[in-house]
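>>> Attaching a predicted model along with its sequence, questions to come.
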Amino acid sequence: MLKKILTADNTETFLNEQVGESYHSQTGAVEEALKKYAIPCKIAEKAKSGKVVILDAFFGIGYNSAMAIDIALESNPDCEIEVVGLENDPEIVEKIKEMMPPISFYTHYKNKLTPSVLEFVEGNVRVKILLGDARETITSLGSDYFDAIFYDPFSPKTQPDMWTVEIFREVYRVLKKTGILATYSCARVVRENMSKANLFYDDGPIVGRRGPGTIATKWML
Ligand SMILES: C[S@@+](CC[C@H](N)C(=O)[O-])C[C@H]1O[C@@H](n2cnc3c(N)ncnc32)[C@H](O)[C@@H]1O
């Protein structure tokens, strides 16, 4: 069901044959973590403040948050970082130990995260995965809490339930006033549902050959 594949930046991801989608863009898995998530969410800039709190929504093998941790620590080695991951599939968490992306902090993901050990602290970095349906687990999170939300479910076509007004209302609730959400999708239904949940959106970066991603905030971009 999970088949390892090599993407165009020479980094590996998985293809979920049952879902018919891969966990990252085939134009570059690690490139996507950097250019579609860490950079548009301004992780390096936010790290200068001394603390960054990240919601890695749809954690998978965790490339997006692990990359953001590298970027934050490069910008400010003393930065306190908290990552909350939302994921419902223990099988993909089990696969973390097989991966070797060129992301320094990933060694800790590999060595410490398993389906039965879902949190660890390493220096100033705290990582915790909430295992379960994101539509439920997100409701347990505090309001106005996250500086950055990496929003990376399977596509709106495959998993429309992850892109509804209801879930974006929860996203709105947990995002800080100054926080930024990034996602790879630019689908009209996604942007309309974000708007209905009071989020403002704009084009995110174009990475690889596909259209732009989307960034969203609580303030007018
Ligand atoms: C596109 S992949 C995410 C890739 C991930 N960001 C990474 O860097 O590996 C989508 C993820 O959403 C998870 N997922 C699917 N339905 C979910 C749900 N209802 N709640 C939480 N996670 C879910 C899948 O198991 C999968 O790992």
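Yes, it's here.

>>> Give the other helices and strands that the longest helix anywhere in the chain contacts.
When the chain is parsed with DSSP state H, its longest helix is helix 63-75. Contact partners of helix 63-75 among helices and strands, from 3 or more CB pairs under 8 Å, 6 or more residues apart in numbering; DSSP states H and E: helix 29-32, helix 43-47, strand 51-57, strand 80-87, helix 106-112, strand 125-131, strand 146-151. For every residue, glycine as well, the C-beta is placed using N, CA and C.

>>> Of all those, which one is nearest the ligand?
strand 80-87 (4.9 Å; CB to the nearest ligand atom).

>>> Just put the helices and strands packed on helix 63-75 in CSV and tack on mean pLDDT, distance to residue 68 and mean neighbour count.
Putting these into CSV (pLDDT from 0 to 100; distance: least, CB to CB, whole Å; neighbours: other CB atoms under 10 Å) gives the following:
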stretch, mean pLDDT, distance to residue 68, mean neighbour count
helix 29-32, 95, 12, 23
helix 43-47, 98, 5, 22
strand 51-57, 98, 6, 24
strand 80-87, 98, 8, 23
helix 106-112, 98, 12, 18
strand 125-131, 98, 11, 19
strand 146-151, 98, 7, 27
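
>>> does whatever residue of the chain ends up closest to the ligand belong to a helix or a strand, and which?
Closest residue of the chain to the ligand, CB to the nearest ligand atom: residue 60 (2.4 Å). Using DSSP states H and E, residue 60 sits in no helix or strand.

>>> can you list the weak-confidence ranges in the protein?
Scanning the chain for pLDDT under 70 picks out 209.

>>> Could you tell me which residues of it lie near the ligand?
By the rule CB under 6 Å from any ligand atom, the part of the chain lying against the ligand is 23, 58-64, 86-89, 92, 133-134, 152-154.

>>> next one: phi and psi at the closest residue to the residue of the chain closest to the ligand other than its chain neighbours?
What sits nearest to residue 60 in space, not counting adjacent residues and going by CB to CB, 6 or more residues apart in numbering, is residue 23, at 4.7 Å. Main-chain torsions, residue 23, degrees, to the nearest 10: phi -80, psi -20.
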